[in-house]
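Asks: Sequence first, predicted coordinates after that:
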Amino acid sequence: MIWDFNFNLPTSIEFGNGKVKNIGKRAKELGGKKALLITDKGLAQTGILQKVTDSLDQEGVNYIVFDEITPNPKDVDCHRAYQQFKDEEIDLLIGLGGGSSMDTAKAIGTLLTHGGELRDRYGFNLLEREITPLICIPTTSGTGSEVTTGSVITDTVTKQKEAILDIRLAPKLAILDPELTLTLPKSITAATGMDALTHAIEAYTSNIAEPISDALSLYSIELIAKYLPLAVENGNDLEGRKNMLVASLIAGMAFNHADLGAVHAMAEPLGGLYDTPHGVANSIFLPHVFEFNIPSNPEKHAIVAEKLGANKEGKTIEETAYEGVVLLKELARKIGIPDFRDLNNINPEDFPFLADGAAVHLCTQTNSRKVTREDYLALFQKTYEAKNTTLI
């Protein structure tokens with residue numbers, strides 16, 4: 001664990017049922033006169049978008065809706081939105097939806113304030129000024145993007161996911177309203193919940209973890225282990241939805257400071273190549289990377305296993321840790337996560353390309369255990385041959 005650390009949370013957080021009704025007032029407080037509201041077509045057809053626009057209308061804040069967000073947001077879509085709205089005198093951005101909407105909002109904000117090409121900003125601290133003020137309203141419990149200082153975008157030329165990482169990307173405000181997550185389908189609840197769990201586990205076991213990120217991660221793991229199956233089973237259970245939204249939020253706070261690991265290093269090249277939903281990709285790789293990483297820090301992995309429900313009585317630390325692998329597979333099976341080989345278009349001949357991408361991914365540097373390209377190639381193959389229903 002790192003004991004020399006800084007912890008900065010530049011985003012204000014409002015959490016509670018019905019909080020979305022405050023968006024108009026908060027937009028005015030941020031000086032918003034004309035907002036670009038960034039969402040997807042699915043949400044645009046629900047009452048969730050209307051709750052936002054009604055509040056903006058009530059406070060006299062003008063807005064334009066851009067509802068062409070897709071999963072694994074693409075650089076070309078961000079540039080198209082920028083070209084479409086750059087002359088509209090936009091002074092506020094609102095990201096409404098999952099991580100794709102919020103990451104796209106950050107990317108558009110980057111273009112509005114810097115111009116140029118997104119690829120010029122991939123990496124650490126390459127922004128020259130803060131982006132257009134941004135309010136994020138998550139409607140899923142998974143990404144934590146509402147409190148992170150990163151934006152992950154698919155480069156359509158290289159077929160790789162790239163990241164803009166800079167505190168100047170941070171949203172000014174995150175409004176988290178559990179009621180907005182009540183209509184989330186089971187499959188998306190499961191995938192996004194496992195995304196949040198991956199964030200928490202990888203942040204906790206990261207080689208740059210520190211005390212505050214550890215505390216946030218452990219509480220997130222505990223909440224997800226208890227409430228994710230309930231939220232998947234009964235999406236109208238507000239208690240489950242509330243706890244999952246908190247878990248996602250604090251996991252985002254944790255990994256924003258401790259970073260992630262090999263699960264994300266594998267999942268993002270997969271999403272870049274196949275457009276695989278990010279949460280599904282994380283779910284599939286999580287137990288296998290967790291098992292691979294145990295030798296690097298058995299004690300921390302055993303603590304994760306306990307939070308997942310492992311009983312340590314009569315077991316060694318290593319035995320408890322390996323029970324965590326079983327529990328992760330059981331959880332994935334219980335909530336309906338598919339096996340790797342059952343995803344569309346997966347071709348083992350692409351594994352060398354995916355391993356190449358994983359090996360140079362930024363998250364490889366902070367993985368709990370040193371991992372090579374050859375390790376990644378073996379992990380892709382092992383995951384492809386495994387089944388969630390086969391417990392080790």
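Replies: Ah, there it is. Residues are numbered from 1 along each chain as shown.

Asks: Confirm for me that P211 is in contact with Y204.
Replies: No: P211 is beyond contact range of Y204, at 11.2 Å (criterion: CB atoms under 8 Å). In this view, the C-beta of every residue, glycine as well, is placed from N, C-alpha and C.

Asks: Of the two, which one has the most company?
Replies: Y204 (29 against 12; other CB atoms under 10 Å).

Asks: and the closest residue to the more buried one other than its chain neighbours, helix, strand or coil?
Replies: Spatial nearest neighbour of Y204, excluding adjacent residues (CB to CB, 6 or more residues apart in numbering): S217 at 3.7 Å. Under DSSP: H, G, I helix; E, B strand; the rest coil, S217 falls in the helix class.

Asks: any idea which helix or strand carries V76?
Replies: helix 75-85 (DSSP states H and E).

Asks: So which elements touch that helix?
Replies: strand 34-38, strand 62-66, helix 99-114, strand 150-155 (3 or more CB pairs under 8 Å, 6 or more residues apart in numbering; DSSP states H and E).

Asks: so that helix versus strand 62-66, what angle?
Replies: With axes from the mean of the first three to the mean of the last three CA atoms, to 10 degrees applied, the angle from helix 75-85 to strand 62-66 works out at 150 degrees.

Asks: Just checking, which helix or strand succeeds helix 75-85 along the chain?
Replies: Counting by DSSP H and E, what follows helix 75-85 is strand 92-97.

Asks: Tell me which strands that next one pairs with, and in which orientation.
Replies: Under the criterion DSSP bridges, strand 92-97 sits next to strand 34-38 (parallel), strand 134-138 (parallel) in its sheet.

Asks: what comes into contact with the helix holding V76?
Replies: Contact with helix 75-85 is made by 36, 38, 64, 66, 68-70, 104, 107-108, 111-112, 117-119, 153-156, as judged by CB atoms under 8 Å, 6 or more residues apart in numbering.

Asks: Now the buried members of those.
Replies: 36, 38, 66, 69, 104, 107-108, 111-112, 118, 153-155 (16 or more other CB atoms under 10 Å).

Asks: What is the nearest of those to A359?
Replies: D155 (17.1 Å; CB to CB).

Asks: which SS class is the residue lying closest to that closest one once chain neighbours are set aside?
Replies: Distances taken as CB to CB, 6+ apart put E162 closest to D155, at 5.1 Å, once the chain neighbours are dropped. At E162 the chain is in strand, as set by three-state DSSP.

Asks: same thing with L9?
Replies: Assignment for L9 (three-state DSSP): coil.

Asks: What residues does L169 make contact with?
Replies: K106, G109, T110, L127, I131, T149, G150, S151.

Asks: could you dump the residues you listed to JSON lines with distance to L377?
Replies: Below are the contacts of L169 laid out as JSON lines (distance: CB to CB, whole Å):
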{"residue": "K106", "distance to L377": "32"}
{"residue": "G109", "distance to L377": "37"}
{"residue": "T110", "distance to L377": "34"}
{"residue": "L127", "distance to L377": "35"}
{"residue": "I131", "distance to L377": "37"}
{"residue": "T149", "distance to L377": "32"}
{"residue": "G150", "distance to L377": "27"}
{"residue": "S151", "distance to L377": "29"}
